[in-house]
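Peer 1: A predicted structure for the sequence below; I have some questions about it.
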Amino acid sequence: MKSAFLSVEFKEELIDFDFILLLGKGYVDFSLPDSKTGTEHYFQIQEFRTPEYEVSSIIRSPVAYYCHSTVDQHVIAICEGQIIGGGHLSGANVQWTVHAEATKFIPEPSPIIVYALAAITDLNSQTQQTRANFLIHPCKYYVGFQFVKNYGTKDKSVKTKVTVTDIDGNLIDNILVQCKVVGYGKE
């Protein structure tokens, strides 16, 4: 038999409780009432079990994903349960949760990060989670402006170079880019 020990401070006195635990789950409610107040404590007893398996997940598909109507892509998310003693976990229930968040990239549009969370429950009702993620780029190329000089003078034009890169930062040559000035600043 297993036992648990609990100490409670009640009206500046320490009261000790010794519980005999039967394996399994249960709830304990006890109260220490007096004529003026009552103190109640609730706690849950659960048997701790060491996990019998490990979980992992990966994304199998191209390295880069694009949010573009001319690009036809798909994503495959895979999760796996591996029994610690060896072998694969079979017959387990898998519950997928997928959600997306915008990243913080200025200027807009920002890439989107997609999370795929798998909760794997084995036949003994043990559940473990694993997560994989990937980015969706809003465009195939990124356009930047580089000043020819890092300073300027009042009422004089500032010369810039237009730079086009792929999502990995590699320069792209011989591509037509249309730029539009959308505002003028005084800085």
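Peer 2: Looks like it arrived, so ask away.
Peer 1: quick one: low-confidence parts of this protein?
Peer 2: Within the chain, the ranges that satisfy pLDDT under 70 run 1-35, 38-39, 41-49, 62-64, 66-71, 107, 183-187.
Peer 1: show me where it has strands.
Peer 2: 2-10, 13-21, 26-33, 38-45, 53-60, 65-66, 76-83, 93-102, 112-121, 127-137, 141-147, 160-166 (DSSP state E).
Peer 1: how is the chain carved up into domains?
Peer 2: Per the record, the chain has its domains at 2-45, 53-137, 141-182, by automatic domain parsing.
Peer 1: redo these as CSV? Include mean neighbour count.
Peer 2: For glycine as for every other residue, the C-beta is placed from the backbone atoms N, C-alpha and C. Output for those, formatted as CSV (neighbours: other CB atoms under 10 Å):
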stretch, mean neighbour count
domain 2-45, 10
domain 53-137, 13
domain 141-182, 9
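Peer 1: partner residues bridging the residue nearest to residue 141 when sequence neighbours are not counted?
Peer 2: Distances taken as CB to CB, 6 or more residues apart in numbering place residue 164 nearest to residue 141, at 5.4 Å, with adjacent residues excluded. Residue 164 forms beta bridges with residue 143, as assigned by DSSP bridges.
Peer 1: pretty sure residue 164 contacts residue 177?
Peer 2: Yes. Residue 164 lies in contact with residue 177 (CB atoms under 8 Å); the separation is 5.9 Å.
Peer 1: next, show the common contact partners of the two.
Peer 2: residue 143 (CB atoms under 8 Å, 6 or more residues apart in numbering).
Peer 1: can you tell me the closest non-neighbouring residue to residue 96?
Peer 2: Nearest non-adjacent residue to residue 96 (CB to CB, 6+ apart): residue 118, at 5.6 Å.
Peer 1: who does the one you found form a beta bridge with?
Peer 2: Here residue 118, judged by DSSP bridges, has bridge partners residue 96, residue 130.
Peer 1: I'd like the numbering to begin with 171 instead of 1 from here.
Peer 2: Sure, I'll start counting at 171 from here, so that last one is residue 288.
Peer 1: for it, what are its contacts?
Peer 2: Taking CB under 8 Å, 6+ apart as the test, what residue 288 contacts is 225, 227, 247, 249, 264-266, 299-301.
Peer 1: roughly how far does it sit from residue 299?
Peer 2: Residue 288 is 7 Å from residue 299, where distance means CB to CB, to the nearest Å.
Peer 1: which residues are common contacts for the two?
Peer 2: residue 225.
Peer 1: for residue 251, give the beta-bridge partners.
Peer 2: Beta-bridge partners, per DSSP bridges, of residue 251: residue 225.
Peer 1: that one touches residue 257, doesn't it?
Peer 2: No. Residue 251 is not in contact with residue 257 according to CB under 8 Å; the separation is 9.9 Å.
Peer 1: joint contacts of these two?
Peer 2: With CB under 8 Å, 6+ apart, residue 251 and residue 257 have no common neighbours.
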